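S.K.: A structural model of the following input is requested.
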Amino acid sequence: MEHELNKEKNENEIDIETQKVMEEIKKDKPLEHTNEKVSLNTEAVKEEEEETHKFDAQVDSLLSILINSVYSSKDYFLRELISNASDANDKRKKVAYTKGESVYEELSIKILPNKENKTITITDNGIGMTKADLVKYLGSIATSGTKEFKKKIAENGGGSADMGALIGQFGLGFYSAFLVADQVDVISKNENDVAHIWSSRGPGGFVVAPYHSEAAQGTTVVLHVSERCTEYLEGKKIEDLVKVHSAFIEYPIYLFGQIEKRSKKEPTAEEIKEENEKEDAEEKDAEKDAGKEENEKEDAEELNEEEGEVRTEEGYKQLNSQKPLWARNPRDAPISQEEYASFYKGLTNDWDKHMAVNHSFIEGDIEMQVLLFIQNRAPFNMFERTKKTCNIKLYVQNVLVTSDLKEAVGEWMSFVHGVISSKDIPINVSREIVQGKSVMNLLKRVITKKVIDMIKDLEGNREEYLKFYKNCGTNIKLGVYQEPAETGKRLAKFLRYQTTKSNGEFVSLDEYVGRMAKGQKQLYVITGMSLEEVKKNPALEAMQNYEVILMVDPIDEFVLQTMQKYENFEFQRITSEGLELPEEKEDMKNKEEEFKEFIQATKEALGESVENVVISPLLRENACTVKSSKYSYSSTMEHLMRAQPGMENNVMLNSGYMTRKIFEINPNHSIIQGLKRVLERGDKEEFKSVVGLLHETSLLACGYSLPDTANFTSKVVDYINKGVNMG
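M.R.: Purely as a prediction, here's the structure:
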């Protein structure tokens, strides 16, 4: 009862979804139903034996949807029919195995285009279908043939005497044939029935009749190609489609057409005489040159073949001779690096060899073969959203399902290429979308783990890893920013930075933590737009006894926002409020009292451009500096924010809340002492002018931009002019 309710529920869901899509299609164009009678071969089909059937209501609707909506590209029809043929061959092998028998003939798939008749014929010698199968599985989608086949196999323990009667060959993908054909004929022969033909011209119905002509076990699909799709009759077009979508199908795929063959050139009498003389001489010296005679004979034969005439004849050519490398388990037989390199170049069209490879077999409820490569150069156009960033293909049953796994492959993995293959992953009717978030999450976990494993292996060779990091370090940082916390933590282990004490070498965060100063409770960092810029930042003056991480990649700002901590140590910009040093700070209470009036006057002079003015116990050589407040932007983040389109209207930037600074002064510096005297003699305008100039100069020195550079330049010129005239 519960099964029936679930079945009814599923069918209702399909009906609801069908109606929704149907309404959308009707808005664009009316659905086309044809009442035109199918055209059949009267020598093989007797008209009085023809049975006319209407499609199941869902098929009639979905057939139009598949043609008009789901299948956005007509190219998919061949992939679907080849896949169905492969399934049929699989099932014939399975049934034979359960009976303890063998299939002695080669199971294959043959494609025969006929330009004159405007037909494409796809033939397999698989399980075949009975008349009942044709009506049930090609006229209704209430059940899935493949699903029922597996169910019945399980119910009968694999030993049912009439197993073939349970087989349904086609899924919904079969109907993609109507993308290119006005009429589709299916001629099928199952071992438990005579051959029958199923024929339809699309929405409206189909005809089934006995087929009175020679038909071996298996199924033949004949597509009567429409006038608008005649390009699919070209052998080259078919060959290209097989190469893209079906190159790794288990069974040989043969295409009928023109084949070039080279005839063997017959030797002349003079050539025979010379060859005999050569053989006599070689026999006398056989022990000395063992094997030479055979090699030269082979060389002569190859030469004759090469020099022979080229002729063209009709015949079948195999299109999928390449065995998928991912299906070969390296634990069973070693795979050479040359084989991996060859496969990688064929997969990616990359001129360079890959840097790393991971080839593994995953077992469980869903079995998968995983073959991934890390490229040997920096990714192109990584941050351009319009560019493809996912380079991993998914094959199901050795059929290419999708090259777009962006839901499972993080944007940061654009340097990874490869293949995921499985026979167990459920896909939708168009074989374009993997069904179920749980499956996509599984793929994501598997791919992420394998990529992290590859990077970890690269770490074992410092030189190789630094080469990788130079190319793909930004990708790792993007992964830290985008991935969930646990994955981000694992990726953070791979980060490398130069520091103030690394002498130009890149060090890991673990190495930095391992050599932190005694009592150090923070990870000291400084961000900027270049190494040259950060090395000149006045904030480094107070950090001579400590190692500071130099972050000069714009994405580092986002990494800091995401990570905040590493190994329980907080990241602390040395240019921001909150810096803690292990050493004891100089007591500045007396200085603060001495400069109380100075600080107040400075706050008034700078207004809302500063959040606070403080005396610094750390400055020695510099008169002053600026730091960002605890919750405001760093100089680098300000640059990034202002560079974004539309930021001129950004409330947070324009309000000054996120851009206010803390102005720190060195009370012992001669400039500050001189300014204090200016204030004490009552020259407030001079004081305000000099303080403003000092503040703006400090902003520039610390990497910030000025709101009014023209005004700043004018002030500098005025002071230069005063100095010159005073001399």
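S.K.: excluding its backbone neighbours, what's nearest residue 50?
M.R.: residue 209 (4.4 Å; CB to CB, 6 or more residues apart in numbering). The C-beta positions use only the backbone N, C-alpha and C, and glycine is treated the same way.
S.K.: equivalent analysis for residue 518, please.
M.R.: Counting by CB to CB, 6+ apart, the residue nearest residue 518 is residue 582, at 6.5 Å.
S.K.: name the helix or strand for the residue nearest to residue 50, please.
M.R.: Under the criterion of DSSP states H and E, residue 209 resides in strand 206-210.
S.K.: and that strand, average pLDDT?
M.R.: Strand 206-210 shows an average pLDDT of 94 in the prediction.
S.K.: beyond it, next helix or strand please.
M.R.: strand 218-225.
S.K.: same for that next one, what does it pack against?
M.R.: For strand 218-225, the elements it packs on are helix 76-98, strand 119-124, strand 181-189, judged by 3 or more CB pairs under 8 Å, 6 or more residues apart in numbering; DSSP states H and E.
S.K.: need the next SSE after it, C-terminal direction.
M.R.: Counting by DSSP H and E, the next helix or strand C-terminal to strand 218-225 is helix 235-245.
S.K.: please list the outside residues in contact with that following helix.
M.R.: By CB atoms under 8 Å, 6 or more residues apart in numbering, the surrounding residues in contact with helix 235-245 are 75-76, 78-79, 82, 111, 113, 120, 231-232, 253, 255, 257-258, 319-320, 399-400.
S.K.: ok, now stretch 592-603?
M.R.: With CB under 8 Å, 6+ apart, stretch 592-603 has contacts from 610, 612-615, 663, 665, 667, 672, 675-676, 679, 684, 687, 691.
S.K.: is it possible to mark the buried ones in those residues?
M.R.: Neighbour-count burial (16 or more other CB atoms under 10 Å) applied to the contacts of stretch 592-603 gives 610, 613-615, 663, 665, 667, 672, 675-676, 679, 687, 691.
S.K.: and stretch 493-502, average pLDDT?
M.R.: Averaged over stretch 493-502, pLDDT sits at 96.
S.K.: again, but for stretch 683-694
M.R.: Mean predicted confidence for stretch 683-694 is 90.
S.K.: how far out from the middle of the chain is that stretch?
M.R.: Going by CA atoms, centre = their mean, to the nearest Å, the spacing between the C-alpha centre of stretch 683-694 and its chain's C-alpha centre is 58 Å.
S.K.: gap between the residue nearest to residue 50 and residue 47?
M.R.: Residue 209 sits 8 Å away from residue 47, taking CB to CB, to the nearest Å as the criterion.
S.K.: likewise residue 608?
M.R.: Following CB to CB, the distance that separates residue 608 from residue 47 is 93 Å.
S.K.: could you do residue 457 as well?
M.R.: Distance of residue 457 to residue 47, given as CB to CB: 69 Å.
S.K.: for residue 594, same thing?
M.R.: The gap separating residue 594 from residue 47 is 115 Å, by CB to CB.
S.K.: with residue 81 instead?
M.R.: 28 Å.
S.K.: which one of those two has more residues nearby?
M.R.: residue 81 (25 against 9; other CB atoms under 10 Å).
S.K.: for that one, give me the pLDDT.
M.R.: Looking at residue 81, the pLDDT reads 92.
S.K.: list the contacts for it?
M.R.: Here residue 81 is in contact with 122, 173, 174, 176, 177, 221 (CB under 8 Å, 6+ apart).
S.K.: what of residue 715?
M.R.: Contacts of residue 715 by CB under 8 Å, 6+ apart are 689, 692, 693, 696.
S.K.: setting aside sequence neighbours, what's the nearest residue to the first one?
M.R.: If I follow you right, that is residue 689. residue 715 (7.0 Å).
S.K.: quick check: mean pLDDT of the helix or strand that contains the one you found?
M.R.: Following DSSP H and E, one finds residue 715 within helix 709-726. For helix 709-726, mean pLDDT rounds to 80.
S.K.: can you pull the buried residues of it?
M.R.: Those would be residue 712, for helix 709-726 by 16+ other CB under 10 Å.
S.K.: mind checking how far that helix is from the chain centre?
M.R.: 57 Å.
S.K.: next one: stretch 624-644
M.R.: 34 Å.
S.K.: just the C-alpha atoms of that stretch, please, in PDB.
M.R.: In PDB, the C-alpha atoms belonging to stretch 624-644 read as follows (Å, rounded to 0.1, in the frame of the first residue of the first chain):
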ATOM      1  CA  CYS A 624      54.400  60.400  13.800                       C
ATOM      2  CA  THR A 625      52.400  57.700  12.100                       C
ATOM      3  CA  VAL A 626      48.800  56.600  11.600                       C
ATOM      4  CA  LYS A 627      47.100  53.300  12.500                       C
ATOM      5  CA  SER A 628      43.600  52.100  11.700                       C
ATOM      6  CA  SER A 629      41.200  51.700  14.500                       C
ATOM      7  CA  LYS A 630      40.100  48.300  15.600                       C
ATOM      8  CA  TYR A 631      37.100  48.000  13.300                       C
ATOM      9  CA  SER A 632      38.200  50.300  10.400                       C
ATOM     10  CA  TYR A 633      39.800  49.300   7.100                       C
ATOM     11  CA  SER A 634      43.500  48.800   6.600                       C
ATOM     12  CA  SER A 635      45.100  50.900   3.800                       C
ATOM     13  CA  THR A 636      45.100  47.900   1.500                       C
ATOM     14  CA  MET A 637      41.400  47.200   2.100                       C
ATOM     15  CA  GLU A 638      40.600  50.900   1.500                       C
ATOM     16  CA  HIS A 639      42.300  50.700  -1.900                       C
ATOM     17  CA  LEU A 640      40.400  47.600  -2.800                       C
ATOM     18  CA  MET A 641      37.100  49.100  -1.700                       C
ATOM     19  CA  ARG A 642      37.600  52.400  -3.500                       C
ATOM     20  CA  ALA A 643      38.500  50.500  -6.700                       C
ATOM     21  CA  GLN A 644      35.200  48.700  -6.800                       C
END
